[in-house]
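Trainee: Quick one: sequence plus predicted model below, questions after.
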Amino acid sequence: MNKSEAAMSHSPAGSPAPGMSPASPASPAVTVEGLHVTRGRKKILRGVDFAMEPGRITGLLGPSGSGKTTLMRCIVGVQRLTAGSVDVLGRPAGTPSLRHDVGYVTQAPSVYTDLSVEANVRYFGAMHGVSAADTAEAIAAVGLESLARRKTADLSGGEFSRVSLACALVSHPKLLVLDEPTVGLDPVLRAELWERFAALAKAGTTLLVSSHVMEEASHCSSLLLLRDGLLLAQLSPAELSERGHSNDLEQAFLHIIQEAGAASSHRSANESQVA
Ligand SMILES: Nc1ncnc2c1ncn2[C@@H]1O[C@H](COP(=O)(O)OP(=O)(O)OP(=O)(O)O)[C@@H](O)[C@H]1O
(Lines give C-alpha, C1' and ligand atoms only; values in the text may rest on other atoms or scores of the structure.)
Protein backbone atom coordinates (compact mmCIF):
# COMPACT_ATOMS: atom_id res chain seq x y z
CA MET A 1 0.00 0.00 0.00
CA ASN A 2 1.45 3.40 -0.93
CA LYS A 3 1.26 6.43 1.38
CA SER A 4 -1.72 8.05 -0.29
CA GLU A 5 -3.68 4.81 -0.03
CA ALA A 6 -2.58 4.63 3.58
CA ALA A 7 -3.76 8.22 4.11
CA MET A 8 -7.14 7.29 2.69
CA SER A 9 -7.34 4.12 4.75
CA HIS A 10 -6.84 6.10 7.97
CA SER A 11 -10.24 7.66 7.37
CA PRO A 12 -13.18 5.76 8.80
CA ALA A 13 -15.05 3.81 6.11
CA GLY A 14 -16.81 6.21 3.76
CA SER A 15 -15.24 9.42 5.12
CA PRO A 16 -12.78 11.31 2.95
CA ALA A 17 -9.19 12.36 3.72
CA PRO A 18 -8.73 15.98 4.96
CA GLY A 19 -9.41 18.37 2.08
CA MET A 20 -11.42 15.84 0.09
CA SER A 21 -15.11 16.46 -0.48
CA PRO A 22 -17.47 13.69 0.72
CA ALA A 23 -18.64 13.10 -2.88
CA SER A 24 -15.14 12.29 -4.17
CA PRO A 25 -14.19 8.62 -4.27
CA ALA A 26 -10.85 9.38 -6.01
CA SER A 27 -7.43 9.21 -4.31
CA PRO A 28 -5.91 12.60 -3.50
CA ALA A 29 -3.71 14.11 -6.22
CA VAL A 30 -1.37 15.35 -3.49
CA THR A 31 -0.98 14.15 0.10
CA VAL A 32 1.23 16.05 2.53
CA GLU A 33 1.84 14.56 5.97
CA GLY A 34 3.81 15.99 8.89
CA LEU A 35 5.87 18.20 6.58
CA HIS A 36 8.73 20.17 8.14
CA VAL A 37 11.28 22.15 6.14
CA THR A 38 14.24 24.02 7.58
CA ARG A 39 16.37 26.21 5.27
CA GLY A 40 19.52 27.59 6.77
CA ARG A 41 18.54 27.95 10.43
CA LYS A 42 14.98 28.97 9.66
CA LYS A 43 12.07 26.61 10.26
CA ILE A 44 9.98 27.44 7.21
CA LEU A 45 7.29 24.74 7.28
CA ARG A 46 6.33 23.44 10.70
CA GLY A 47 4.16 20.32 10.52
CA VAL A 48 1.90 20.75 7.50
CA ASP A 49 -0.80 18.16 6.66
CA PHE A 50 -3.36 18.26 3.85
CA ALA A 51 -4.70 16.43 0.82
CA MET A 52 -5.63 17.89 -2.56
CA GLU A 53 -8.61 16.63 -4.49
CA PRO A 54 -7.88 15.73 -8.15
CA GLY A 55 -9.42 17.83 -10.93
CA ARG A 56 -9.88 20.84 -8.67
CA ILE A 57 -8.21 24.22 -8.15
CA THR A 58 -6.61 24.56 -4.73
CA GLY A 59 -5.56 28.07 -3.74
CA LEU A 60 -2.48 28.58 -1.58
CA LEU A 61 -2.80 31.82 0.34
CA GLY A 62 -0.69 33.48 2.94
CA PRO A 63 1.32 36.59 3.71
CA SER A 64 4.70 37.14 2.11
CA GLY A 65 7.27 34.81 3.68
CA SER A 66 4.66 32.37 5.04
CA GLY A 67 6.20 29.46 3.11
CA LYS A 68 4.04 29.19 -0.03
CA THR A 69 6.92 28.84 -2.51
CA THR A 70 8.71 26.40 -0.22
CA LEU A 71 5.59 24.23 -0.03
CA MET A 72 5.26 24.31 -3.82
CA ARG A 73 8.92 23.34 -4.17
CA CYS A 74 8.24 20.32 -1.93
CA ILE A 75 5.34 19.26 -4.14
CA VAL A 76 7.30 19.54 -7.38
CA GLY A 77 10.16 17.64 -5.76
CA VAL A 78 12.95 20.23 -5.73
CA GLN A 79 13.04 20.90 -1.98
CA ARG A 80 14.76 18.73 0.62
CA LEU A 81 12.28 17.77 3.34
CA THR A 82 13.42 17.93 6.96
CA ALA A 83 10.64 15.56 8.05
CA GLY A 84 7.34 14.21 6.80
CA SER A 85 6.21 13.09 3.37
CA VAL A 86 4.79 14.52 0.16
CA ASP A 87 3.10 12.18 -2.30
CA VAL A 88 2.04 13.30 -5.75
CA LEU A 89 -0.27 11.19 -7.91
CA GLY A 90 0.49 8.24 -5.63
CA ARG A 91 4.30 8.55 -5.82
CA PRO A 92 6.81 10.38 -3.60
CA ALA A 93 7.35 13.95 -4.85
CA GLY A 94 10.42 14.17 -7.03
CA THR A 95 10.13 10.62 -8.40
CA PRO A 96 11.59 10.81 -11.94
CA SER A 97 8.47 9.28 -13.49
CA LEU A 98 6.49 12.32 -12.29
CA ARG A 99 8.49 14.61 -14.58
CA HIS A 100 5.93 14.40 -17.38
CA ASP A 101 2.96 14.65 -15.03
CA VAL A 102 3.82 17.79 -13.07
CA GLY A 103 4.08 21.31 -14.51
CA TYR A 104 5.61 24.11 -12.44
CA VAL A 105 5.63 27.81 -13.20
CA THR A 106 7.83 29.77 -10.83
CA GLN A 107 7.49 33.45 -9.95
CA ALA A 108 10.42 34.26 -12.23
CA PRO A 109 9.36 33.14 -15.73
CA SER A 110 12.07 30.92 -17.18
CA VAL A 111 11.99 31.16 -20.95
CA TYR A 112 14.64 31.89 -23.58
CA THR A 113 14.39 35.59 -24.38
CA ASP A 114 16.20 35.26 -27.72
CA LEU A 115 13.66 32.72 -29.01
CA SER A 116 10.14 33.30 -30.26
CA VAL A 117 7.08 32.30 -28.24
CA GLU A 118 6.56 29.32 -30.53
CA ALA A 119 10.21 28.19 -30.37
CA ASN A 120 10.14 28.29 -26.57
CA VAL A 121 6.96 26.27 -26.29
CA ARG A 122 8.16 23.82 -28.98
CA TYR A 123 11.45 23.40 -27.10
CA PHE A 124 9.73 22.54 -23.81
CA GLY A 125 7.29 20.32 -25.70
CA ALA A 126 10.17 18.42 -27.33
CA MET A 127 11.45 17.48 -23.88
CA HIS A 128 8.15 15.68 -23.33
CA GLY A 129 7.93 14.29 -26.89
CA VAL A 130 4.75 16.17 -27.81
CA SER A 131 3.57 17.17 -31.29
CA ALA A 132 3.44 20.53 -33.14
CA ALA A 133 -0.32 20.51 -32.59
CA ASP A 134 0.27 20.46 -28.83
CA THR A 135 2.55 23.51 -29.19
CA ALA A 136 -0.15 25.43 -31.03
CA GLU A 137 -2.77 24.35 -28.50
CA ALA A 138 -0.68 25.51 -25.52
CA ILE A 139 -0.04 28.89 -27.18
CA ALA A 140 -3.76 29.28 -27.89
CA ALA A 141 -4.60 28.29 -24.31
CA VAL A 142 -2.79 31.37 -23.02
CA GLY A 143 -4.11 33.64 -25.79
CA LEU A 144 -0.80 34.30 -27.53
CA GLU A 145 -1.60 32.98 -31.04
CA SER A 146 -1.12 36.37 -32.67
CA LEU A 147 2.30 36.76 -31.01
CA ALA A 148 3.58 33.22 -31.65
CA ARG A 149 6.39 34.38 -33.95
CA ARG A 150 7.53 37.27 -31.76
CA LYS A 151 10.80 37.08 -29.82
CA THR A 152 9.90 36.80 -26.12
CA ALA A 153 12.31 39.67 -25.28
CA ASP A 154 9.92 41.95 -27.19
CA LEU A 155 6.79 41.00 -25.23
CA SER A 156 5.08 42.95 -22.46
CA GLY A 157 5.40 41.67 -18.87
CA GLY A 158 1.96 40.04 -18.91
CA GLU A 159 2.58 38.38 -22.30
CA PHE A 160 5.99 37.19 -21.15
CA SER A 161 4.61 35.47 -18.05
CA ARG A 162 2.02 33.69 -20.18
CA VAL A 163 4.78 32.15 -22.33
CA SER A 164 6.05 30.38 -19.20
CA LEU A 165 2.56 29.07 -18.56
CA ALA A 166 2.29 27.79 -22.15
CA CYS A 167 5.64 25.98 -21.69
CA ALA A 168 4.20 24.24 -18.62
CA LEU A 169 0.88 23.43 -20.34
CA VAL A 170 2.40 21.92 -23.47
CA SER A 171 3.04 18.52 -21.87
CA HIS A 172 -0.56 18.26 -20.56
CA PRO A 173 0.53 17.79 -16.94
CA LYS A 174 -1.89 16.09 -14.55
CA LEU A 175 -0.80 18.48 -11.79
CA LEU A 176 -0.05 22.12 -12.49
CA VAL A 177 1.69 24.14 -9.76
CA LEU A 178 1.58 27.89 -10.38
CA ASP A 179 3.40 30.35 -8.14
CA GLU A 180 1.55 33.68 -8.30
CA PRO A 181 0.64 33.36 -11.99
CA THR A 182 -1.51 36.50 -12.06
CA VAL A 183 1.00 38.94 -10.55
CA GLY A 184 1.37 42.00 -12.76
CA LEU A 185 -1.59 41.12 -14.97
CA ASP A 186 -4.45 43.53 -15.51
CA PRO A 187 -7.93 42.54 -14.28
CA VAL A 188 -9.10 41.46 -17.75
CA LEU A 189 -6.14 39.13 -18.28
CA ARG A 190 -6.47 37.84 -14.72
CA ALA A 191 -10.11 36.94 -15.29
CA GLU A 192 -9.18 35.23 -18.59
CA LEU A 193 -6.47 33.18 -16.91
CA TRP A 194 -8.83 32.03 -14.16
CA GLU A 195 -11.28 30.95 -16.87
CA ARG A 196 -8.51 28.90 -18.42
CA PHE A 197 -7.61 27.36 -15.06
CA ALA A 198 -11.28 26.43 -14.55
CA ALA A 199 -11.37 24.82 -18.02
CA LEU A 200 -8.21 22.84 -17.24
CA ALA A 201 -9.69 21.62 -13.93
CA LYS A 202 -12.90 20.65 -15.71
CA ALA A 203 -10.81 18.57 -18.12
CA GLY A 204 -9.25 16.74 -15.14
CA THR A 205 -6.07 18.73 -14.36
CA THR A 206 -5.35 19.37 -10.69
CA LEU A 207 -4.12 22.90 -10.02
CA LEU A 208 -2.33 24.44 -7.06
CA VAL A 209 -2.23 28.22 -7.43
CA SER A 210 -0.64 30.63 -4.98
CA SER A 211 -1.81 34.21 -4.75
CA HIS A 212 -1.67 37.31 -2.62
CA VAL A 213 -4.91 38.57 -4.11
CA MET A 214 -7.68 37.38 -1.85
CA GLU A 215 -10.46 38.08 -4.33
CA GLU A 216 -8.91 35.32 -6.48
CA ALA A 217 -9.67 32.84 -3.70
CA SER A 218 -13.25 32.71 -4.90
CA HIS A 219 -12.12 30.89 -8.07
CA CYS A 220 -10.77 27.96 -6.03
CA SER A 221 -12.60 24.89 -4.72
CA SER A 222 -10.36 24.61 -1.72
CA LEU A 223 -8.05 27.06 0.05
CA LEU A 224 -4.92 26.42 2.06
CA LEU A 225 -4.24 29.28 4.48
CA LEU A 226 -0.60 29.42 5.45
CA ARG A 227 0.98 31.65 8.07
CA ASP A 228 4.52 31.42 9.47
CA GLY A 229 4.91 27.91 8.10
CA LEU A 230 1.73 26.62 9.74
CA LEU A 231 -1.41 25.60 7.89
CA LEU A 232 -4.12 27.63 9.64
CA ALA A 233 -6.98 26.04 7.73
CA GLN A 234 -8.06 24.17 4.64
CA LEU A 235 -11.52 25.27 3.65
CA SER A 236 -13.77 26.37 0.78
CA PRO A 237 -14.27 30.09 -0.02
CA ALA A 238 -17.77 29.86 1.53
CA GLU A 239 -16.31 28.37 4.71
CA LEU A 240 -13.65 31.10 4.77
CA SER A 241 -16.38 33.75 4.66
CA GLU A 242 -18.28 32.04 7.41
CA ARG A 243 -15.31 31.41 9.68
CA GLY A 244 -13.88 34.87 9.09
CA HIS A 245 -17.27 36.56 9.60
CA SER A 246 -17.11 38.50 6.32
CA ASN A 247 -18.14 38.17 2.68
CA ASP A 248 -15.00 40.12 1.86
CA LEU A 249 -12.47 37.26 1.67
CA GLU A 250 -9.57 39.56 2.52
CA GLN A 251 -11.28 40.66 5.73
CA ALA A 252 -12.24 37.06 6.51
CA PHE A 253 -8.64 35.92 6.05
CA LEU A 254 -7.33 38.76 8.24
CA HIS A 255 -9.82 37.77 10.93
CA ILE A 256 -8.59 34.14 10.88
CA ILE A 257 -4.95 35.28 10.94
CA GLN A 258 -5.60 37.60 13.90
CA GLU A 259 -7.48 34.82 15.70
CA ALA A 260 -4.55 32.44 15.14
CA GLY A 261 -2.09 35.14 16.31
CA ALA A 262 -4.11 35.70 19.49
CA ALA A 263 -4.33 31.94 20.14
CA SER A 264 -0.58 31.46 19.73
CA SER A 265 0.32 34.39 22.05
CA HIS A 266 -2.18 33.02 24.62
CA ARG A 267 -0.47 29.61 24.33
CA SER A 268 3.04 31.12 24.75
CA ALA A 269 1.85 33.11 27.80
CA ASN A 270 0.45 29.91 29.35
CA GLU A 271 3.64 28.00 28.54
CA SER A 272 5.82 30.68 30.16
CA GLN A 273 3.59 30.59 33.26
CA VAL A 274 4.01 26.81 33.46
CA ALA A 275 7.77 27.22 33.04
N1 LIG B 1 17.48 29.34 1.30
C2 LIG B 1 16.90 29.93 2.34
N3 LIG B 1 17.54 30.04 3.53
C4 LIG B 1 16.93 30.62 4.59
N5 LIG B 1 15.68 31.13 4.56
C6 LIG B 1 15.02 31.06 3.39
C7 LIG B 1 15.58 30.45 2.23
N8 LIG B 1 14.64 30.52 1.24
C9 LIG B 1 13.57 31.13 1.76
N10 LIG B 1 13.79 31.46 3.04
C11 LIG B 1 12.84 32.14 3.96
O12 LIG B 1 11.74 31.26 4.14
C13 LIG B 1 10.55 32.00 4.33
C14 LIG B 1 9.49 31.46 3.38
O15 LIG B 1 9.87 31.74 2.05
P16 LIG B 1 8.89 31.43 0.84
O17 LIG B 1 9.55 31.94 -0.41
O18 LIG B 1 8.51 30.00 0.86
O19 LIG B 1 7.63 32.34 1.23
P20 LIG B 1 6.41 32.83 0.35
O21 LIG B 1 5.19 32.66 1.19
O22 LIG B 1 6.39 32.15 -0.99
O23 LIG B 1 6.73 34.38 0.17
P24 LIG B 1 6.34 35.39 -1.03
O25 LIG B 1 4.83 35.48 -1.03
O26 LIG B 1 6.97 36.69 -0.60
O27 LIG B 1 6.89 34.85 -2.31
C28 LIG B 1 10.91 33.47 4.10
O29 LIG B 1 11.04 34.07 5.36
C30 LIG B 1 12.23 33.40 3.37
O31 LIG B 1 13.03 34.53 3.68
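Mentor: The structure has been received and is ready for your questions. Numbers count the residues shown, from 1 in each chain.
Trainee: distance between the ends of stretch 81-99?
Mentor: Here the two ends of stretch 81-99 are set 19 Å apart, with distance taken as CA to CA, to the nearest Å.
Trainee: again, but for stretch 118-136
Mentor: Start-to-end, stretch 118-136 (CA to CA) is 8 Å.
Trainee: Up against the ligand, what does the stretch 1-150 of the chain have?
Mentor: 39-40, 42, 44, 62, 64-70 (CB under 6 Å from any ligand atom). Backbone N, C-alpha and C define where each C-beta goes, glycine included.
Trainee: ok, 8 Å please
Mentor: In this structure, the stretch 1-150 of the chain approaches the ligand at residues 39-42, 44, 62-73, 107, judged by CB under 8 Å from any ligand atom.
Trainee: of those, buried ones?
Mentor: 44, 62, 66-73 (16 or more other CB atoms under 10 Å).
Trainee: Strands of the stretch 101-250 of the chain, residue ranges please.
Mentor: Assigned by DSSP state E, counting those that start in this stretch, the strands in the stretch 101-250 of the chain fall at 102-105, 175-179, 206-211, 222-227, 230-235.
Trainee: what's the most buried one of the ones you listed?
Mentor: Stretch with highest mean neighbour count among the strands of the stretch 101-250 of the chain: strand 206-211 (a mean of 25; mean count of other CB atoms under 10 Å).
Trainee: Against which helices or strands is that one packed?
Mentor: Here strand 206-211 touches strand 57-61, helix 68-76, strand 175-179, helix 187-202, going by 3 or more CB pairs under 8 Å, 6 or more residues apart in numbering; DSSP states H and E.
Trainee: ok, the residue nearest the centre of the chain to Val88 distance?
Mentor: By CA atoms, centre = their mean, the chain has its centre lying nearest to Leu208, at 2.3 Å. Leu208 sits 10 Å away from Val88, going by CB to CB, to the nearest Å.
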